[in-house]
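1. Okay, predicted coordinates and the sequence, questions at the end:
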Amino acid sequence: MGEPLKFPEGFLWGTASAAHQVEGDNRNNDWWRFEQEPGRIQNGDSSLVACDHYRRYREDFRLLREMHNNAHRLSIEWSRVEPRPGEFDSRQIRHYRDVLGELREQGLQPMLTLHHFTSPIWFAEGGGWASSGAPEAFVRFVRRVVRDLGDLVHLWCTINEPNIYAFNGWLGGEFPPGRRGDLLGVWRVLAHMRQAHLAAYRAIHEQLPDARVGLSHHRFLLLPERNTRRDRWAARTAEGFMDRWPVGRVRRERVVEAEADWIGIAHYWAQNAALDLRRPGEQFIPRRNVPGVPVTDMGWTSDPAWMRDVLNEVRELGKPVYVTENGISTGDDAVRQAYLPAVLRSVHRAIADGVDVRGYFHWTATDNFEWARGYSQKFGLIAVDRTTLEREMKPSAMLYARIAAANAVEPD
Ligand code: NOJ
């Protein structure tokens with residue numbers, strides 16, 4: 001075997017999570033309400049308990065430290081901090097001060113996400129992200145968070161995966177508000193999220209000039225099914241739809257080109273796209289899993305080699321890059337143990353290609369509430385017993401610990 005592949009000094013090794021998926025007892029947001037509607041969540045699961053991380057965060061952060069991680073990406077729950085418009089709950093703010101303080105004491109640098117799919121009920125009732133007042137409401141919350149927690153956070157992630165949020169909520173109906181086929185809604189949500197990101201970026205910098213601010217873009221790769229001009233066009237067109245958000249009335253810009261100090265890439269999977277004029281229901285561009293590539297429990301084809309490609313796409317933008325999410329849903333940890341070093345070799349190759357990758361956040365630490373899929377999906381390095389909530393490190397967690405400690409991954 002050759003020499004271990006070393007990562008740059010100071011590389012961040014972490015895991016990523018989202019408040020609603022791990023905390024438990026988040027009953028003041030639109031997701032909670034959505035979960036109460038019959039048939040929305042697989043097996044009738046609910047986020048009521050989740051991982052009880054709201055109370056067990058100290059124990060969880062100790063496990064991250066045992067994994068030799070030096071960073072952790074988490075989100076702050078807007079509906080806890082601002083339960084009614086303009087009314088902030090100082091007890092909840094204190095809770096997050098404790099959480100962030102504890103992280104730092106454990107030697108874990110926080111990356112704080114300000115919006116990760118959930119919104120307060122009052123905000124959703126006012127039209128949510130489809131409403132033109134959304135950016136202003138969001139920024140009022142952001143200013144308060146920065147004022148009260150800004151001394152504890154250097155890395156800020158304004159919005160998580162705007163494209164997935166808009167498509168799942170307004171096109172596929174899998175997320176609240178559960179709308180289907182509402183393309184105008186998608187357009188509005190994305191336009192407002194872009195404005196909100198820019199306003200938050202500026203608000204954070206006004207208060208904290210040295211902060212590093214970005215957002216996490218879900219980079220879902222589309223490959224031409226056959227190497228024909230039609231299929232290449234189909235893949236490019238569908239990707240353009242996935243990867244851009246509106247600037248003004250007509251122009252659209254790549255999400256990764258938004259004003260930011262760093263670029264966040266969440267990458268999990270790819271599909272083939274083809275042009276098929278007999279399929280109007282699929283907008284004439286049916287997507288199919290890539291043949292010959294392993295399929296995860298989510299039904300996604302995941303090839304670790306794709307990570308290098310998606311990272312290379314942002315190389316010319318010349319900014320620091322974080323892999324804000326990557327992982328694999330599988331009940332068979334051996335599959336994860338094979339995937340993890342392979343995908344990290346792919347990140348390493350991208351760095352060798354000249355992409356300034358500064359950190360990798362694996363999705364996720366503990367098996368958690370996977371939105372409409374409930375607890376059926378196991379993305380975690382750490383198992384959670386659904387009855388006792390006891391945590392148990394899987395072998396992949398030990399593997400990740402060795403990689404993070406060595407700041408290196410074994411070669412092929
Ligand atoms: C992206 C999302 O940000 C996260 O919430 C989700 O659990 C993972 N992908 C896995 O689907």
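-> Great, that's in hand.
2. Which stretches in the chain count as helices?
-> 19-22, 30-35, 53-66, 78-81, 90-105, 121-125, 134-149, 162-170, 183-207, 229-243, 306-312, 333-353, 395-406 (DSSP state H).
3. Can you spell out which helices and strands pack onto the last one?
-> Under the contact definition 3 or more C-beta pairs under 8 Å, 6 or more residues apart in numbering; DSSP states H and E, helix 395-406 sits against strand 12-16, helix 333-353. Every C-beta, even on glycine, is put in place using the N, C-alpha and C of the backbone.
4. Show me what the last one is packed up against.
-> Secondary-structure packing of helix 333-353 (3+ C-beta pairs under 8 Å, 6+ apart): helix 306-312, strand 357-362, helix 395-406, strand 408-409.
5. again, but for the first one
-> When contacts are defined as 3+ C-beta pairs under 8 Å, 6+ apart, strand 12-16 packs onto strand 71-75, strand 109-115, strand 321-325, strand 357-362, helix 395-406.
6. highest average neighbour count across the helices and strands packed on helix 395-406?
-> strand 12-16 (a mean of 26; mean count of other C-beta atoms under 10 Å).
7. and that strand, is it in reach of the ligand?
-> No. Judged by C-beta under 6 Å from any ligand atom, strand 12-16 stays clear of the ligand, getting no closer than 7.5 Å.
8. Just checking: what are the partner strands of that strand?
-> strand 71-75 (parallel), strand 357-362 (parallel) (DSSP bridges).
9. one step back: Ala234: which of the helices and strands packed on strand 12-16 is closest?
-> strand 321-325 (26.4 Å; C-beta to C-beta).
10. That closest one pairs with which strands, parallel or anti?
-> In its sheet, and by DSSP bridges, strand 321-325 pairs with strand 263-266 (parallel), strand 357-362 (parallel).
11. looking at it, Arg73 is touching His116, isn't it?
-> No. When contacts are counted by C-beta atoms under 8 Å, Arg73 is not listed as touching His116 (9.5 Å).
12. Which one of those two is surrounded by more residues?
-> Neighbours were counted for Arg73 and for His116 using other C-beta atoms under 10 Å; Arg73 has more, 29 against 23.
13. Would you check how far apart the residue nearest to Lys319 when sequence neighbours are not counted and the ligand are?
-> Once flanking residues are discounted, Lys319 sits nearest to Ile263: 5.2 Å by C-beta to C-beta, 6 or more residues apart in numbering. From Ile263 across to the ligand, the span is 16 Å (C-beta to the nearest ligand atom, to the nearest Å).
14. Then Val247?
-> Taken as C-beta to the nearest ligand atom, the span from Val247 to the ligand is 24 Å.
15. who's that residue bridged to?
-> Here Val247, judged by DSSP bridges, has bridge partners Arg251.
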